[in-house]
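A.B. asks: Sharing a model that was predicted from the sequence below.
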Amino acid sequence: MSVNRVVSIGAHSLDAELLGGPLLLKYARQGARCTTIHVTQGRLEDPAATEEAKQAYLKELLAQNKRAAEKLGADTLWLGYVSNNMPSTGEFSKRLVDYFIEENVQLVITHWRGSMHQRHINTHDAVTQAVKRLRERGNQIKLLYGETFEDLVGFIPQAYFSLDEGEKEQWFSALKEYQVFNGEINDFPYISYYTTNGKIREIESNNRGFTVCYMYASLVENGLF
């Protein structure tokens, strides 16, 4: 199947780019329209933060979303939620069904369910439910789960893709648009972790060059290929 419309859906800013960035840039180079979808945006946790400071923080996150997407050859969409007001699974799933139909989405990438974050789990459930509903109607939309360090419980690498040096640099350039990826928000070593992980996936897949992996949506597929 020729893929012309791809979306990567993450619970928070940076998630969509980590999960689907490598495939988005590959499909974008082939002429597909690609979108990073962010379910929520972060918020300032400081109770003393002024409304002006909160709005400035949100504005900067949205700017980071846009710059990262552009570097992947994609556009971007925020669904309008913040971290403390995720919709119910049913409401969220229905909204996604409508979006997928309206946009004629052919490939979706999102979180695996084995996560340390409830919002990642909620996003997984809603996206999977939406895709399953469309598959039951005869829509051949595809679903993959991307890899992040926060969603590794039960994650099984199944589909491997190697990135050439230019693609790797393009992906990391997009990720570096986020302050958190650069170590400015917390001390998690994002750059060294994902650099090392790409080498590990290269070795285990017997690929040549930096490699990323995905997991198939086995509960959605209704046949063997």
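C.D. replies: That came in fine, so what should we check first?
A.B. asks: Would you check how far apart residue 197 and residue 9 are?
C.D. replies: Here the criterion is CB to CB, to the nearest Å. By it, residue 197 lies 21 Å from residue 9. From N, CA and C alone the C-beta is placed, and that goes for glycine too.
A.B. asks: So which of those two has more stuff around it?
C.D. replies: Between residue 197 and residue 9, residue 9 has the larger neighbour count (other CB atoms under 10 Å), namely 27 against 17.
A.B. asks: I figured that one was touching residue 100, is that so?
C.D. replies: No: with contact defined as CB atoms under 8 Å, residue 9 does not reach residue 100; the gap is 10.3 Å.
A.B. asks: so what sits against both of the two?
C.D. replies: Residues touching both residue 9 and residue 100 by CB atoms under 8 Å, 6 or more residues apart in numbering: residue 108.
A.B. asks: Strands of this structure, start to end?
C.D. replies: Per DSSP state E, the chain has strands spanning 5-10, 33-41, 75-82, 107-110, 142-146, 159-162, 211-216. These are given in chain order.
A.B. asks: how about those strands, which one is nearest residue 54?
C.D. replies: Of all the strands of the chain, it is strand 75-82 that lies closest to residue 54, at 9.7 Å by CB to CB.
A.B. asks: by contact count, what packs against that closest one?
C.D. replies: In terms of contacts (3 or more CB pairs under 8 Å, 6 or more residues apart in numbering; DSSP states H and E), strand 75-82 is packed against strand 33-41, helix 51-71.
A.B. asks: ok now the shortest one, how far from the chain's centre?
C.D. replies: Averaged C-alpha coordinates place strand 33-41 at 7 Å from its chain's average position (CA atoms, centre = their mean, to the nearest Å).
A.B. asks: Report all helices and strands that it contacts.
C.D. replies: strand 5-10, helix 15-29, helix 51-71, strand 75-82, helix 118-136.
A.B. asks: and if we set it to 7 Å?
C.D. replies: In terms of contacts (3 or more CB pairs under 7 Å, 6 or more residues apart in numbering; DSSP states H and E), strand 33-41 is packed against strand 5-10, helix 15-29, helix 51-71, strand 75-82.
A.B. asks: Show me what counts as buried in the least confident helix or strand in the chain by mean pLDDT.
C.D. replies: One helix or strand of the chain scores below all others by mean pLDDT, DSSP states H and E: helix 51-71, with a mean of 91. Buried residues in helix 51-71, defined by neighbour count with 16 or more other CB atoms under 10 Å: 57-58, 61, 64-65, 68-69, 71.
A.B. asks: just curious, which of those residues is nearest to residue 177?
C.D. replies: Closest approach between the buried residues of helix 51-71 and residue 177, by CB to CB: residue 68, at 4.2 Å.
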